[in-house]
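>>> one predicted model, sequence on top.
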Amino acid sequence: MEIQYLGTAAAEGWPALFCSCNICQRARSVGGKELRTRTQALIDETILIDFPPDTYTHALRDSLQLGQIQHLLITHSHMDHFFPVELIHRHEHFGHGAKGVLHVYGNEAVEKAFYVAVLIDRFRVHPLDDAVRFVRLAPFADFMAEGYHIIPVPADHDQRETCFIYIIEKNGTCMLYGHDTGMNLSSEAWDCIFSHQYDLISLDATMGKKQIDGYHMGLADDLAFTKRLEERGCVNRNTVKVINHFSHNGEMTHEQLDAFAEEHGMTAAYDGMKIKF
């Protein structure tokens, strides 16, 4: 399998839109890997994870043929992970030659946001029934998509909705996509996670050097999360361990995050990064 990290920032981007902190000022000055768009990933050019406002930017930068993708996993309804009004452009009126139907998978809050966006009056003349279809997910209710076995696992994030992290496996290769979440997962969620062996884990590192009680993780949490998986035999020295979803409020540059990752046998994601595993 291959994962491409299209965007690697938290909600406000990096540098943050209206911010003048040292981290953001440095990012504007240095550029390169210090510039981060909102989090999104692509698996084998087949499974798209999340749909932030920066999706169009990602498509331009990486020459993505998004019209050929038929499966979009949404972690939760926050705007930096789901900006549904853009989905109207998959209608034949706006974009030509899209492949079949794009299936959008998510929770009840994502479903509500989806229909609020695509059913506004000016779009009613371009119904999406034949272009985009919503599929509501239930916790642990696994499903298949083009040969991928996908399990939505309840995250430790916004308690107003059932946010998901995802276990994705195909042909004996398995990955855990763990954004956005903290460590306070339910016992059922941990049991589900522990029931797999992973070739790649991708963990929320929003808080950087800081820690909070749930909602997001920092680097210390990433180490603790990985240790739990190691103790259960879910990861080994060959497992690719990625930290991702960074905020400037974590007060670390990419260079510092990269150094931390290298010290602990991990990889710090950056926009555009591809990993085969």
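That came through, no problem.

>>> what ranges do the strands span in the stretch 51-200 of the chain?
With strands called from DSSP state E, counting those that start in this stretch, the stretch 51-200 of the chain shows them at 71-73, 102-106, 132-136, 143-145, 148-154, 164-170, 173-178, 200-204.

>>> of these, flag the one that's most buried.
Of all the strands of the stretch 51-200 of the chain, strand 200-204 carries the top mean neighbour count, a mean of 25, counting by mean count of other Cβ atoms under 10 Å. Glycine gets a C-beta too; all of them are placed from N, C-alpha and C.

>>> distance from the chain centre to that strand, please.
Its chain's average C-alpha position is 10 Å from that of strand 200-204, according to Cα atoms, centre = their mean, to the nearest Å.

>>> could you figure out how far that strand is turned away from strand 173-178?
Inter-element angle recorded for strand 200-204 and strand 173-178: 0 degrees (by axes from the mean of the first three to the mean of the last three Cα atoms, to 10 degrees).

>>> numbering from 184 from now on, please.
Noted, 184 is the first residue going forward, which turns the last one into strand 383-387.

>>> what comes into contact with strand 383-387?
Strand 383-387 has contacts (Cβ atoms under 8 Å, 6 or more residues apart in numbering) with 184, 186, 224, 358-365, 399-400, 404-405, 408-409, 412, 418, 422-428, 452, 458, 460.

>>> where's the residue nearest to Leu412 when sequence neighbours are not counted relative to Ala292, distance?
Nearest residue to Leu412 in three dimensions, chain neighbours excluded: Val418, at 4.5 Å (Cβ to Cβ, 6 or more residues apart in numbering). According to Cβ to Cβ, to the nearest Å, Val418 and Ala292 sit 31 Å apart.

>>> same question for stretch 301-315, mean pLDDT?
Mean pLDDT, stretch 301-315: 85.

>>> quote the end-to-end distance of that stretch.
Terminal residues of stretch 301-315 are spaced 10 Å apart (Cα to Cα, to the nearest Å).

>>> likewise for stretch 280-296?
Using Cα to Cα, the two ends of stretch 280-296 sit 26 Å apart.

>>> now do stretch 247-255
Per Cα to Cα, stretch 247-255 runs 14 Å from first to last residue.

>>> so for that stretch, mean pLDDT?
97.

>>> need the residues that contact it.
Taking Cβ under 8 Å, 6+ apart as the rule, stretch 247-255 contacts 189, 225, 228-232, 234, 238, 241-242, 273, 278, 280-288, 328-329, 331.
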